[in-house]
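Undergrad: Quick one, fold the following:
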Amino acid sequence: MDLIPSSGGVFEVTVNGEKLYSKKETGEFPDPDMFIKKMESLT
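TA: Prediction:
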């Protein structure tokens with residue numbers, strides 16, 4: 001896992017090259033429960 005610093009409030013999560021979430025695209029942080037379920041579905 002790599003943490004890549006950015007500026008301007010960008011929050012993006014990418015797993016194995018697949019973008020799972022982008023605050024830049026949605027304008028808001030993800031719902032924690034939804035995000036946990038999405039991560040669990042990858043395993």
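Undergrad: does residue 19 sit in a helix, a strand or a coil?
TA: Classification of residue 19 by DSSP: H, G, I helix; E, B strand; the rest coil places it in strand.
Undergrad: Same check on residue 14?
TA: Quick answer, by three-state DSSP: residue 14 is strand.
Undergrad: what residue ranges in the chain are flagged as low confidence?
TA: Counting by pLDDT under 70, the chain contains low-confidence ranges at 1, 43.
Undergrad: mind listing the helices for it?
TA: 23-26, 32-40 (DSSP state H).
Undergrad: Out of those, flag the one nearest residue 17.
TA: helix 32-40 (15.4 Å; CB to CB). Just so you know, the C-beta spots here come from the backbone N, C-alpha and C atoms, and that holds for glycine as well.
Undergrad: what helices or strands is that closest one leaning on?
TA: In terms of contacts (3 or more CB pairs under 8 Å, 6 or more residues apart in numbering; DSSP states H and E), helix 32-40 is packed against strand 18-22.
Undergrad: what's in contact with the strand it packs on?
TA: 11-14, 30, 35, 38-39 (CB atoms under 8 Å, 6 or more residues apart in numbering).
Undergrad: Can you flag the buried ones in the residues you listed?
TA: residue 30 (16 or more other CB atoms under 10 Å).
Undergrad: Tell me which residue is most central in the protein.
TA: residue 13 (2.7 Å; CA atoms, centre = their mean).
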